[in-house]
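Chemist: sequence isn't available, so here's the structure alone:
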């Protein structure tokens, strides 16, 4: 009975959502629209391969990697201490029953800081920072750094808390410090998961920098914006291919790192 | 500050009318330990026996300052444990070495690192980080492992070890810990009788040598009575007897294990010194 009700409710909700989003996929098949989209897609071929354009793309791709890397690094700088503060795994007072009030409050505050900084999309941060530091990659780095610090901090904390905690708690019970317990008890069990999530975030940062480019935060995204405005499908195609290569590269890197750390 | 605790003599243990409940237990469950009073002098060797669920582990956790008591008083080194500040309590814990039945060894860690983790309480953070990169005290760790016949496993990864080897690595950690009191929970559960005897003899010898107070919970009644001068019997969280091992009679044991006779019988072959039977292998879960 309950299951039937919830299934029906879900279908109703889905229909309402489709209506609200004006989801009418058949417009895509409208002859007039088909002509427009096929013309746009036909433009993509062949991808632009002029040497000077390729050089430009290579330079911008490098800048994109730089933005993503610097942004992720900044995010790590913020996320690691916040993770260490906010995770319950390293609480000494909760070794013997409930956590004390003050540490509990501190953990909650850090958690809320993480929520606040990640709830604002990187695009909004980028718009803010473009105004503060001007057009260019620096705004992108700051935007990615802030948003991703919130995401990394949250997920790191969850990874640590869902792992086997008895090594760390045993070390602290025997008198080790929190950070010692982290390096000897927590990190060895979670390093691969933490690394692969970090590399995944770096991959996301590469993609995010594309969007940020549209608001003038530099990199491949800005180039993509330019080419789109010029309706230069060939250039757009080349840039998209480079994006795919970058994401594939991140995937390879992650797989390799995990293998090395096994 | 550290010296204050370490130099001021003894590390006697006193439990007065202690009642404690395991943190994961439901509110209405009967306390794991009820009205327990004990005095253990520094350097004593004590075995705690009793059927499963009798509160052996909880008793060790209470002494280890790991399980907060509901009522009663625990004092270590003449200090009431739960009246200490958090900082002082943590410092005091550096003098205790509690090791659970399933040894706390991270699967991907090397044996040497897992061993040296026992030394952390007396190491500065920086030198413990350095030791992660290049292990210090390799010789000491290797000697400790050698006492348990595992010297060749020093550079192995923990997840390459068998359950019994892991348990022995867990025990070898004790030899490295800068502790005055050892609280060892079921040290022999994954070992065959020959290894078990060797392991317990190594522990007892080291504890005697360093004047360490050794308290273990044991399932093997014969090991308890033959290796430990003092045996404590627990049942349903209450003290049943606390006697020199020579005075622990068959009748007392039969009474202690009433309705749990199979746990007592399990040890009979070893008691009679008949050919060793493989001990029930404990599955150690690792992720």
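Modeler: Now that the structure is in, tell me what you want to look at. As the structure is a prediction and not an experimental result, all values here were calculated from the model.

Chemist: please name the nearest non-neighbouring residue to whatever residue of the stretch 101-250 of chain A ends up closest to chain B.
Modeler: Proximity of the stretch 101-250 of chain A to chain B (CB to the nearest CB) peaks at residue A:175, 3.0 Å away. Bear in mind the C-beta positions are built from the backbone N, C-alpha and C, glycine included. Spatially, and ignoring its direct neighbours in sequence, residue A:175 is nearest to residue B:94 (3.0 Å; CB to CB, 6 or more residues apart in numbering or on different chains).

Chemist: for the one you found, what are its contacts?
Modeler: Counting by CB atoms under 8 Å, 6 or more residues apart in numbering or on different chains, residue B:94 makes contact with A:174, A:175, A:176, B:2, B:121, B:122, B:178, B:179.

Chemist: which residues does stretch A:120-135 contact?
Modeler: By CB under 8 Å, 6+ apart, stretch A:120-135 touches A:138-140, A:142-144, A:146-148, A:208, A:211-212, A:215-218.

Chemist: among those, who's most crowded?
Modeler: Using other CB atoms under 10 Å in any protein chain shown as the neighbour test, the contacts of stretch A:120-135 are led by residue A:140, with 34 neighbours.

Chemist: tell me which element it falls in.
Modeler: helix A:137-162 (DSSP states H and E).

Chemist: in this structure the residue of the stretch 101-250 of chain A closest to chain B contacts residue B:89, no?
Modeler: No: under the criterion of CB atoms under 8 Å, residue A:175 is not in contact with residue B:89, lying 9.5 Å apart.

Chemist: which one of these two has more residues nearby?
Modeler: When residue A:175 and residue B:89 are compared for neighbours, residue A:175 comes out ahead with 24 against 20, by other CB under 10 Å.

Chemist: which SS class is the more buried one?
Modeler: coil (DSSP: H, G, I helix; E, B strand; the rest coil).

Chemist: the longest helix seen in chain A near chain B at all?
Modeler: In chain A, taking DSSP state H as the definition, the longest helix is helix A:51-86. No: using CB under 8 Å from any CB of the partner chain, helix A:51-86 never reaches chain B; the gap is at least 12.6 Å.

Chemist: and the stretch 1-150 of chain B, which of its residues are near chain A?
Modeler: Checking the stretch 1-150 of chain B against chain A by CB under 8 Å from any CB, the hits are B:23, B:64-68, B:86, B:90-100, B:102, B:104-109, B:113, B:117-118, B:120-121, B:123, B:125, B:128-129, B:132.

Chemist: which of these are buried? Put it as a PyMOL command.
Modeler: This is the PyMOL syntax for the buried subset of those, where burial follows 16 or more other CB atoms under 10 Å in any protein chain shown:
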select buried, chain B and resi 64+65+66+67+68+90+91+92+93+94+95+96+97+98+99+100+102+104+105+106+107+108+109+113+117+118+120+121+123+128+132
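
Chemist: show me the residues of the stretch 1-150 of chain B next to chain A that map onto helices.
Modeler: The helices, defined by DSSP H, take in B:86, B:90, B:91, B:92, B:93, B:113, B:125, B:128, B:129, B:132 from these.

Chemist: farthest-apart pair in those residues, please.
Modeler: Within these, B:86 and B:113 form the most distant pair, 27.5 Å apart (CB to CB).

Chemist: flag every residue of chain A that's near chain B.
Modeler: Within chain A, the positions near chain B by CB under 8 Å from any CB are A:92-93, A:95-97, A:100, A:163-164, A:166-167, A:170-177, A:179-181, A:183-185, A:188-189, A:191-192, A:261-262.

Chemist: show me the strands in chain B, by range?
Modeler: In chain B, the segments counted as strands under DSSP state E are B:13-20, B:33-40, B:45-49, B:69-76, B:79-80, B:96-99, B:181-185, B:213-217, B:230-235, B:238-244.

Chemist: for the fifth one, name the packing helices and strands.
Modeler: Think strand B:79-80. Packed against strand B:79-80, as judged by 3 or more CB pairs under 8 Å, 6 or more residues apart in numbering or on different chains; DSSP states H and E, are no other helices or strands.

Chemist: quick check: mean pLDDT across it?
Modeler: On average, the pLDDT along strand B:79-80 is 90.

Chemist: if we can go back for a sec, including distance to residue A:87, could the ones in helices among the residues of the stretch 1-150 of chain B next to chain A go into CSV?
Modeler: Formatted as CSV, these follow (distance: CB to CB, whole Å):
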residue, distance to residue A:87
B:86, 18
B:90, 18
B:91, 23
B:92, 24
B:93, 20
B:113, 21
B:125, 18
B:128, 19
B:129, 19
B:132, 20
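
Chemist: looking at these, spot the one nearest chain A.
Modeler: Closest to chain A, out of all of those and judged by CB to the nearest CB, is residue B:93, at 4.0 Å.

Chemist: where does residue 159 land on pLDDT?
Modeler: No chain was given, so I picked chain A. pLDDT, residue A:159: 92.

Chemist: should've been chain B
Modeler: pLDDT, read off for residue B:159, is 89.

Chemist: repeat that for residue A:187.
Modeler: Residue A:187 carries a pLDDT value of 91.

Chemist: residue A:227 contacts residue A:237, doesn't it?
Modeler: No: Residue A:227 is beyond contact range of residue A:237, at 9.1 Å (criterion: CB under 8 Å).

Chemist: neighbour-wise, which of these two wins?
Modeler: Using other CB under 10 Å as the criterion, residue A:227 and residue A:237 rank with residue A:227 on top: 21 against 18.

Chemist: roughly how far apart are the residue nearest to the more buried one when sequence neighbours are not counted and residue A:47?
Modeler: Of all residues not flanking residue A:227 in the chain, residue A:235 sits nearest, at 3.7 Å (CB to CB, 6+ apart). According to CB to CB, to the nearest Å, residue A:235 and residue A:47 sit 8 Å apart.

Chemist: before I go, just wanted to say thanks for your time.
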